[in-house]
Structures are given as structure tokens and as C-alpha cells.
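Asks: predicted coordinates and the sequence they were generated for:
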Amino acid sequence: MRIRMALVACGILAGCDYTVPLVKTPELAVDSGVIGLWERSKADGQKESLLVLPLNKHEHMVSFPAGSENAMFARACLCRAADMTLVQLEWVGTAQGKLPEDNRVFQFATHSVVGDTLTVRMLNADIVKKGVTSSDELAKAIADNKDRPNIFRDKMVFTKVKK
């Protein structure tokens, strides 16, 4: 089980999609509705946690899967592209102290919070290609594909953990 979790964590961290951010300096305020501990049940019945903490007034710190020995950590901020608000994730390392092995550290997602439910959909790198080399090129690629139904991957649905 530990080996499988380590492989999953390494795969997610190594499988980050983009080498460029949409924004270099976060300007949008954090979404206070996402702050807290969230949990989802995977298809195999295992629970997976997502922890979102405020880092400053423009950034969050994200841990996924939170509380596991293979947790990954990211700085997250809100940004705008193609008339959408996206979460920009910059993966910075793991609970094992491992740093990213290449410069593909960015991922982008949409999110919504309704009551105690957080829904996240990651940008689909098969549609918005990974090979972009600048923030402007990435923003244009998102805008060019924004109406495609599969621009985002399947949704991940989390429930807020109550104290």
C-alpha cells in the first residue's frame, strides 16, 4: 500500500502539466470558502484528503493527499484566463522532502464551493497542450479551447470535514 501511494504521489508531482504560470504575481484575493480540510472517497473506497490553508491575502497553501506520508504541497492563487477564474497550482515538493525533478510544476483548475461541497476540475493538458512556452501563449491556448466540452478533466468532489 505504501509503495502504491508513493508511486501515485510521485506520478502526480512528476505529471504536472506546464512549465509556465498564467500569473507571476498573484493579485486576486484568496477564496476563503475553500479554506479547510476536505475529503473524498475514491472508487476503491479509500479516503483522500485535501487541505487548503491561507498563505497570505493572495495565496493558499495546498496539501494533497493531506495527512499522508506522501503528501504533496503547492502554492495556489486565483487568476483569470478566457473570462474564467482559475486556480493556478505551483507544486513545490512532497512531505518526503522531494522537490520537483523538472520545471513542469504548474497545473490549473476550476473550482466551486456550494455548501460543504468543493468541486475541482483540472485543465486537460490533452486539449491545452503542455508545450506552451510563455504565459501569453498559455492564456491564448486556454481562450482558443474554452468552449470545448473536455477542456477540463473529470470533476473531483470533496466534502468539508466537520470538526
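Replies: Here it is on my side, so go on.
Asks: quickly find the element holding the residue lying closest to M156 once chain neighbours are set aside.
Replies: Excluding the flanking residues, the one nearest M156 by CB to CB, 6 or more residues apart in numbering is V120, at 4.8 Å. Just so you know, the C-beta spots here come from the backbone N, C-alpha and C atoms, and that holds for glycine as well. Here V120 is covered by strand 117-122, with elements defined by DSSP states H and E.
Asks: residues making contact with that strand?
Replies: With CB atoms under 8 Å, 6 or more residues apart in numbering as the test, strand 117-122 has contacts from 34, 38, 50, 87, 107-113, 152-160.
Asks: give me the below-cutoff pLDDT ranges for this structure.
Replies: Along the chain, the parts satisfying pLDDT under 70 run over 1-15.
Asks: all strands of it, in order?
Replies: For the chain, applying DSSP state E gives strands covering 36-41, 47-56, 59-64, 72-81, 84-94, 106-114, 117-122, 156-160.
Asks: which one of those lies nearest to I142?
Replies: Nearest to I142 among the strands of the chain is strand 72-81 (4.6 Å), distances taken as CB to CB.
Asks: would you mark the buried spots in that closest one?
Replies: Residues of strand 72-81 classed as buried by neighbour count (16 or more other CB atoms under 10 Å): M72, F73, A74, R75, A76, C77, L78, C79, A81.
Asks: related to what we said a few turns ago, tell me, how many residues neighbour the residue nearest to M156?
Replies: 20 (other CB atoms under 10 Å).
Asks: any idea how far the residue nearest the centre of the chain lies from T110?
Replies: Nearest to the mean C-alpha position of the chain, counting by CA atoms, centre = their mean, stands L89 at 4.8 Å. Separation of L89 from T110 (CB to CB, to the nearest Å) stands at 12 Å.
Asks: and for G67?
Replies: Counting by CB to CB, the gap from G67 to T110 is 25 Å.
Asks: repeat that for W38.
Replies: From W38 to T110 the distance is 16 Å (CB to CB).
Asks: and these two? Which one has more around it.
Replies: Neighbours were counted for W38 and for T110 using other CB under 10 Å; W38 has more, 24 against 16.
Asks: dump the residue contacts of that one.
Replies: W38 makes contacts with S49, L50, L51, V52, L118, F158, T159, K160, V161, as judged by CB under 8 Å, 6+ apart.
Asks: distance of it from T85?
Replies: W38 is 19 Å from T85, by CB to CB.
Asks: ditto for L50
Replies: For L50, the distance to T85 - CB to CB - is 18 Å.
Asks: the two: who's more crowded?
Replies: Set L50 next to T85 and count neighbours by other CB under 10 Å: L50 wins out with 21 against 13.
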